[in-house]
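Asker: Let me see the structure of the following:
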Amino acid sequence: MVSVIIPMYNSENSIIRALESVNAQSMDDIEIICVDDNSTDKSVELVKKYAKKNTNVILLENSENRGAGYTRQIGIEESSGEYIAFLDSDDVWLNGKLEKQTALMTERDLDFTCTSYTSISTNSNNELIVPYKITYRRVLLNNPIGCSTVIIRKNAIGSIKFPFIRKRQDWAFWLLLLRSGIKCYGLSENLTNYYKTPNSLSEKKLSLVAYHFKVFNKILGYNILLSILFTTAYVFSKISRS
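Answerer: Next up, the predicted model:
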């Protein structure tokens with residue numbers, strides 16, 4: 001079984017599209033866990049209605065807004081599948097995504113994989129191709145891993161948890177996994193559409209600087225000097241690519 005974790009917050013305009021992209025996959029044994037982070041719109045109502053017709057959908061609800069890291073962790077803890085897949089509520093999987101990725105993982109006995117994806121914004125579409133081998137050092141300063149493309153074998157996660165920080169918690173989670181010795185491999189085929197809205201966190205790159213420092217210093221345990229150096233390198237890498 002593959003357990004698909006979908007955190008959602010005020011996602012009424014996109015959650016059904018995301019769910020449909022999962023149920024359109026060619027695999028049969030899929031568990032979908034939607035974890036609502038105390039939405040104030042009709043997200044919960046829509047998922048409840050969808051779940052009545054799709055019994056593989058499970059809805060969990062946070063009693064208060066706790067952020068995506070906490071919300072994804074709840075999904076992992078409640079999951080039943082051998083594989084854990086992540087999908088953000090505003091993203092979409094392309095046909096064959098789960099089948100192709102889990103086939104690669106089974107064939108090569110891999111614990112942690114991701115795929116290439118298309119980043120779609122109001123003004124442009126950009127395809128991001130992932131390398132086959134993805135190292136800790138690479139992810140530390142230039143993360144190629146799209147959260148909605150990741151599948152990881154559940155028993156490989158062990159005691160590692162998503163950090164309960166408001167931003168960059170997925171990137172921090174990949175780093176913790178890689179640093180523990182788990183290897184990540186990329187499937188070069190583009191199998192996910194990643195939608196960037198004007199108000200999304202990913203659209204405010206430079207506003208994330210403080211969270212980058214927190215990941216380096218508080219979560220990864222680097223000293224202040226190294227944390228400043230790594231954060232500065234991140235800022236310059238974003239400026240050079242802008």
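Asker: How about Glu61, nearest residue that isn't a chain neighbour?
Answerer: Asp36 (4.8 Å; Cβ to Cβ, 6 or more residues apart in numbering). No exception for glycine: its C-beta is placed from N, CA and C like everyone else's.
Asker: Can you name the residues that contact the one you found?
Answerer: 8-9, 43-44, 47, 59-62 (Cβ atoms under 8 Å, 6 or more residues apart in numbering).
Asker: Quick one: list the elements packing against the lengthiest strand in the chain.
Answerer: Taking DSSP state E as the criterion, the chain has its longest strand at strand 184-195. Judged by 3 or more Cβ pairs under 8 Å, 6 or more residues apart in numbering; DSSP states H and E, the packing partners of strand 184-195 are strand 92-93, helix 97-108, strand 112-120, strand 133-134, helix 169-179.
Asker: quick one: strands adjacent to it?
Answerer: strand 92-93 (antiparallel), strand 112-120 (parallel), strand 133-134 (antiparallel) (DSSP bridges).
Asker: Would you pull up how far the first one lies from the middle of the chain?
Answerer: With Cα atoms, centre = their mean, to the nearest Å as the basis, strand 92-93 stands 12 Å off its chain's centre.
Asker: And stretch 86-105, by the same measure?
Answerer: 11 Å.
Asker: Can I get it as CSV, trimmed to CA atoms?
Answerer: Output in CSV follows, covering the C-alpha atoms of stretch 86-105 (Å, rounded to 0.1, in the frame of the first residue of the first chain):
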residue,chain,number,x,y,z
PHE,A,86,3.5,13.5,-0.1
LEU,A,87,1.2,15.7,-2.1
ASP,A,88,0.4,19.4,-1.3
SER,A,89,-3.2,20.3,-1.7
ASP,A,90,-2.6,22.7,-4.6
ASP,A,91,-0.4,20.3,-6.7
VAL,A,92,-1.2,17.6,-9.1
TRP,A,93,0.3,14.2,-10.0
LEU,A,94,0.5,13.1,-13.6
ASN,A,95,-0.7,9.7,-14.8
GLY,A,96,1.5,6.8,-13.8
LYS,A,97,3.4,8.7,-11.1
LEU,A,98,3.0,6.3,-8.3
GLU,A,99,3.4,3.1,-10.5
LYS,A,100,6.6,4.3,-12.1
GLN,A,101,8.2,5.6,-8.9
THR,A,102,7.4,2.6,-6.7
ALA,A,103,8.5,0.3,-9.5
LEU,A,104,11.9,2.0,-9.5
MET,A,105,12.1,1.7,-5.7
